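Chemist: A predicted structure for the sequence below; I have some questions about it.
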Amino acid sequence: MGDGLRVLPGGEPDDGGDPAGAGPAEVVDGDDRPRRVPPGTPVTARAPGKVNLALRVGGLRPDRSHELVTVFEAVALHEDVRAVPCARLECAVAGEGAEGLPTDERNLAVRAALLLAERAGVPPRVRLEITKQVPVAGGMAGGSADAAAALVACDALWGTGLGRDDLLALGAELGADVPFALVGGTAVGTGRGERVVPALARGTRSWVLALAGQGLSTPAVFGELDRQRAAAGDGDPAVGEEDVRDLLVALAAGDPAAVGAALVNDLEAPALSLAPALARTLEVGREAGALAALVSGSGPTTAFLVADREQGLDVAVALTASGAAADVRRVHGPAPGARLVDVAR
Ligand SMILES: C[C@@](CO)(OP(=O)(O)O)[C@H](O)COP(=O)(O)OP(=O)(O)OC[C@H]1O[C@@H](n2ccc(N)nc2=O)[C@H](O)[C@@H]1O
Ligand SMILES: Nc1ncnc2c1ncn2[C@@H]1O[C@H](COP(=O)(O)OP(=O)(O)O)[C@@H](O)[C@H]1O
């Protein structure tokens with residue numbers, strides 16, 4: 001966690017919310033004492049990026065997305081969205097990959113604010129200031145984290161009185177990964193990935209993330225999986241929670257080696273097909289001693305599970321020195337879902 005920052009408990013599941021227009025958000029000040037922030041006060045919400053510890057992809061659904069079962073882990077690489085009163089809707093983006101990002105309705109945080117305003121029946125008056133740490137189009141759901149943080153921040157700013165379940169439903173409309181960015185932790189996702197249930201996971205895990213120079217398109221990676229399956233003559237597999245059972249057992253036991261052995265990603269082969277250099281990145285990290293390695297979601301970020309700080313340093317140095325990664329981050333998981341934070345200014 002960064003300097004001068006306090007975590008505020010706005011993100012507890014199912015807080016119910018107050019009646020519309022009467023809902024000060026509860027936050028904690030620098031002495032960890034609860035404090036109520038009335039609507040109209042500038043607020044900052046923070047949401048995590050994620051790694052899929054398991055991602056099993058089934059067939060196409062009528063809505064053209066894929067049925068899947070996944071185990072998400074939120075990691076401490078986060079997005080901050082500050083919501084400031086404004087006469088209209090404005091958006092500014094800074095940080096990792098900010099240059100290429102739209103600040104109009106194509107931005108997921110803007111879409112989240114517009115959707116929340118429409119459903120809550122309030123005018124969409126806010127300036128959203130996004131600070132990114134999660135790589136854009138990296139398979140770590142940074143855009144989804146921005147959407148989740150915008151929902152939480154605007155909900156507090158406008159005092160909409162919507163409850164946690166309402167925000168989760170809005171999140172599912174915005175994208176398959178948005179509900180998980182609200183929930184955080186370690187959780188099982190089913191359906192399109194939008195139905196999220198927390199998993200029993202003991203301990204914390206250390207990750208080295210290898211960032212790629214360029215992003216990968218999520219629809220293109222799913223499309224390549226379909227192409228590969230069709231070429232192999234494979235039908236679409238049925239997927240269910242039994243496909244991630246070994247991983248859930250390992251997480252419940254808090255056994256890093258068993259967790260490493262159970263990591264799996266059906267999007268890894270199509271991601272490697274579209275970005276072949278990632279095969280070497282995985283190899284370099286494995287050779288440097290990582291317990292396990294996989295492509296994060298649709299890629300191209302690769303994630304290396306490491307036993308401790310020393311192993312993490314070895315893997316990070318090997319990835320950087322070999323040129324197999326454009327950049328590296330060392331993070332831990334699980335991290336909390338979208339919540340208000342008090343940034344000292
Ligand atoms: C693959 C995953 C793994 O967690 O995330 P990323 O690795 O990209 O972050 C997710 O399934 C992505 O979630 P998200 O990026 O929110 O997806 P959406 O915005 O809802 O959909 C973007 C596109 O991804 C494809 N898609 C997404 C979810 C799903 N269950 N099946 C799909 O086929 C569709 O082509 C869809 O048009
Ligand atoms: N706030 C945002 N942050 C990142 N990407 C965004 C955002 N809003 C819209 N997008 C678009 O969504 C696409 C992928 O989003 P992102 O969540 O970064 O990657 P991924 O889906 O691989 O996890 C990007 O190509 C980008 O143009």
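Modeler: Now that the structure is in, tell me what you want to look at. Ligands and ions are numbered 1, 2, ... in the order given.
Chemist: skip the chain neighbours and tell me the closest residue to whatever residue of the stretch 101-250 of the chain ends up closest to ligand 2.
Modeler: With CB to the nearest ligand atom, the shortest gap between the stretch 101-250 of the chain and ligand 2 falls at residue 143, namely 3.0 Å. The way it works is simple: take the backbone N, C-alpha and C, and place the C-beta from them, glycine included. Nearest residue to residue 143, sequence neighbours excluded (CB to CB, 6 or more residues apart in numbering): residue 108, at 4.2 Å.
Chemist: count the residues that sit near the one you found.
Modeler: With neighbours defined by other CB atoms under 10 Å, the count for residue 108 comes to 24.
Chemist: how about it, what does it touch?
Modeler: 143-144, 146-147, 150, 174-175, 178 (CB atoms under 8 Å, 6 or more residues apart in numbering).
Chemist: still on that earlier bit, give me the number of residues near the residue of the stretch 101-250 of the chain closest to ligand 2?
Modeler: Neighbours of residue 143 under the rule other CB under 10 Å: 27.
Chemist: residue 287 too?
Modeler: The tally of other residues near residue 287 (other CB under 10 Å) stands at 12.
Chemist: helix or strand: which one has the spatially most central residue of the chain?
Modeler: The centre of the chain sits closest to residue 49, judged by CA atoms, centre = their mean, with a distance of 3.3 Å. Using DSSP states H and E, the element containing residue 49 is strand 43-60.
Chemist: which other helices and strands contact that strand?
Modeler: With contacts defined as 3 or more CB pairs under 8 Å, 6 or more residues apart in numbering; DSSP states H and E, strand 43-60 has these neighbours: strand 66-84, helix 142-158, helix 178-183, helix 218-231, helix 245-253, helix 256-262, strand 264-265, strand 339-343.
Chemist: in JSON lines: those, plus distance to residue 320 and mean pLDDT.
Modeler: Listed next are those as JSON lines, based on distance: least, CB to CB, whole Å; pLDDT from 0 to 100:
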{"stretch": "strand 66-84", "distance to residue 320": "17", "mean pLDDT": "98"}
{"stretch": "helix 142-158", "distance to residue 320": "21", "mean pLDDT": "98"}
{"stretch": "helix 178-183", "distance to residue 320": "28", "mean pLDDT": "98"}
{"stretch": "helix 218-231", "distance to residue 320": "25", "mean pLDDT": "97"}
{"stretch": "helix 245-253", "distance to residue 320": "29", "mean pLDDT": "98"}
{"stretch": "helix 256-262", "distance to residue 320": "22", "mean pLDDT": "97"}
{"stretch": "strand 264-265", "distance to residue 320": "23", "mean pLDDT": "98"}
{"stretch": "strand 339-343", "distance to residue 320": "30", "mean pLDDT": "90"}
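Chemist: winner for burial among those?
Modeler: helix 142-158 (a mean of 31; mean count of other CB atoms under 10 Å).
Chemist: can you tell me which of the contacts of residue 108 is nearest residue 225?
Modeler: Of all the contacts of residue 108, residue 225 sits closest to residue 175, with 18.5 Å by CB to CB.
Chemist: who's in contact with the closest residue to residue 258 other than its chain neighbours?
Modeler: Leaving aside its sequence neighbours, residue 258 sits nearest to residue 250 (CB to CB, 6+ apart; 3.6 Å). Neighbouring residues of residue 250 by CB under 8 Å, 6+ apart: 258-259, 261-262.
Chemist: just flag the most distant two among these.
Modeler: Top of the distance list for the contacts of residue 250 (CB to CB): 259 and 261, 7.4 Å.
Chemist: now the helices and strands packed on strand 43-60 in JSON lines, with distance to residue 169?
Modeler: Putting the helices and strands packed on strand 43-60 into JSON lines (distance: least, CB to CB, whole Å) gives the following:
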{"stretch": "strand 66-84", "distance to residue 169": "18"}
{"stretch": "helix 142-158", "distance to residue 169": "11"}
{"stretch": "helix 178-183", "distance to residue 169": "8"}
{"stretch": "helix 218-231", "distance to residue 169": "22"}
{"stretch": "helix 245-253", "distance to residue 169": "26"}
{"stretch": "helix 256-262", "distance to residue 169": "31"}
{"stretch": "strand 264-265", "distance to residue 169": "28"}
{"stretch": "strand 339-343", "distance to residue 169": "18"}
